[in-house]
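1. All I have is the shape, not the residue letters:
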């Protein structure tokens, strides 16, 4: 049975400032809050226990002093390790699945990266013949010589 409940939008939006601390914007990489990461959180978090944990993390994040955002993130990680680990994992997976980030990966790394789960495989020229790997070798019959095993050390 599919769980149709979703993470509350205000929780997802509120956690984007924490995501921006974990993955700071640095050209050409976009800030998590400027991508569709909040939508990813809303759609991906279907387990009620995960929703509760992220809701608690959101409430704590809102109430913690954020003069030094990195220190605040470290404090919340120590105070709520399980909830923070869940958030960090989903944050990283979701960030690198965003189309804006995938484009940067493709341009910066000059590769044919596809966002997860990568059903397309890699871009290949279908007309290009791929030679089979060379295994062993061929010796023509007239080059074969007898070997006396007594003389081999």
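-> That came in fine, so what should we check first? These numbers were taken from a predicted model, which means no experiment stands behind them. Numbers count the residues shown, from 1 in each chain.
2. Just the buried positions in stretch 145-153, please.
-> Within stretch 145-153, no residue counts as buried by 16 or more other C-beta atoms under 10 Å. All C-beta atoms are positioned from the backbone trio N, CA, C, and that covers glycine.
3. What average pLDDT does that stretch get?
-> Stretch 145-153 carries an average pLDDT of 83.
4. Give me the distance between it and the centre of its chain.
-> A distance of 58 Å separates the centroid of the chain from that of stretch 145-153, by C-alpha atoms, centre = their mean, to the nearest Å.
5. got the contact list for that stretch?
-> Outside stretch 145-153, no residue is within contact range by C-beta atoms under 8 Å, 6 or more residues apart in numbering.
6. For the remainder of this discussion, apply numbering that starts at 38.
-> Sounds good: first residue 38 from here, last item stretch 182-190.
7. Just the local confidence number for the most centrally placed residue in the chain, please.
-> The centroid of the chain falls nearest to residue 130 when counting by C-alpha atoms, centre = their mean (3.9 Å). pLDDT recorded at residue 130 is 93.
8. next structured bit after the strand or helix carrying it?
-> Taking DSSP states H and E as the criterion, residue 130 maps to helix 118-132. Per DSSP H and E, the first helix or strand lying C-terminal to helix 118-132 is helix 136-146.
9. in that following helix, what counts as buried?
-> 138, 141-142.
10. By mean pLDDT, flag the weakest helix or strand of this structure.
-> Ranked by mean pLDDT, DSSP states H and E, the weakest helix or strand in the chain is helix 136-146, scoring a mean of 88.
11. could you say what helices and strands that one packs with?
-> Contacting helix 136-146 under the criterion 3 or more C-beta pairs under 8 Å, 6 or more residues apart in numbering; DSSP states H and E is no other helix or strand.
12. What angle do helix 118-132 and it make with each other?
-> Interaxial angle of helix 136-146 relative to helix 118-132 (axes from the mean of the first three to the mean of the last three C-alpha atoms, to 10 degrees): 70 degrees.
13. how close does residue 149 get to residue 133?
-> 15 Å (C-beta to C-beta, to the nearest Å).
14. OK, contacts around residue 59?
-> By C-beta under 8 Å, 6+ apart, residue 59 lies in contact with 69, 110, 125, 128-129.
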